[in-house]
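S.K.: below are the sequence and a predicted model; questions follow.
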Amino acid sequence: MMIFVDQKTKIDRHVYMDMLRAHLIPWTHTIFGDDEWTFQQDGALGHKACETQDFLRANCPNFIKVDTHWRNNDGEWPPNSPDLNPLDYAIWSILEEKACAKPHPNVESLKRALKKAWNEITLDTLIKIVDNFPKRLKACIDANGGHFE
């Protein structure tokens with residue numbers, strides 16, 4: 001699912017939780033039903049807020065908690081982990097290759113191209129990306145949490 005927000009919108013915890021309520025939660029009910037699933041996010045400020053973490057705890061069967069503050073090592077996820085985020089290590093490069101091969105005259109053109117590229121990502125491709133995760137996790141452990149690739 002790809003969601004665009006107005007470029008002037010500041011994604012604070014309230015906007016983020018509204019987006020989760022409006023989009024993520026209904027989508028997961030449709031896709032997973034009663035099956036277990038895990039939600040992963042990065043360390044953006046709106047994601048780290050205690051209120052957001054409480055919301056996720058209440059609405060997701062499982063989620064990977066992030067540090068709530070740089071002084072608090074209370075999360076389960078490395079704070080800067082693009083090597084372990086499927087969006088960062090795979091999806092963004094697919095979207096960039098497909099949607100940004102040529103310049104766009106305006107933002108709407110870019111959005112259309114991104115939506116088209118997003119919809120062209122096959123289930124097979126997504127399965128391969130997810131199946132690659134354990135190997136990437138082992139590489140991260142072998143690198144003592146440092147960058148690898």
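M.R.: Here it is on my side, so go on.
S.K.: would you map the helices across this protein?
M.R.: Shown for the chain, the helices assigned by DSSP state H span residues 13-19, 25-32, 45-48, 50-59, 86, 92-99, 107-120, 123-131, 133-142.
S.K.: adding mean neighbour count, write those out as TSV.
M.R.: (C-beta placed from N, C-alpha, C; glycine too.) Formatted as TSV, the helices of the chain follow (neighbours: other Cβ atoms under 10 Å):
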stretch	mean neighbour count
helix 13-19	16
helix 25-32	12
helix 45-48	17
helix 50-59	15
helix 86	15
helix 92-99	14
helix 107-120	14
helix 123-131	11
helix 133-142	13
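S.K.: and of these, who's closest to Met2?
M.R.: Nearest of the helices of the chain to Met2, taken as Cβ to Cβ: helix 107-120 at 4.9 Å.
S.K.: what helices or strands is that closest one leaning on?
M.R.: Judged by 3 or more Cβ pairs under 8 Å, 6 or more residues apart in numbering; DSSP states H and E, the packing partners of helix 107-120 are helix 92-99.
S.K.: ok, residues contacting the helix it packs on?
M.R.: Contact partners of helix 92-99, identified using Cβ atoms under 8 Å, 6 or more residues apart in numbering, comprise 110, 113-114, 116-118, 120-121, 125.
S.K.: count of residues packed around the closest residue to Phe39 other than its chain neighbours?
M.R.: Nearest residue to Phe39, sequence neighbours excluded (Cβ to Cβ, 6 or more residues apart in numbering): Phe63, at 4.1 Å. Neighbours of Phe63 under the rule other Cβ atoms under 10 Å: 19.
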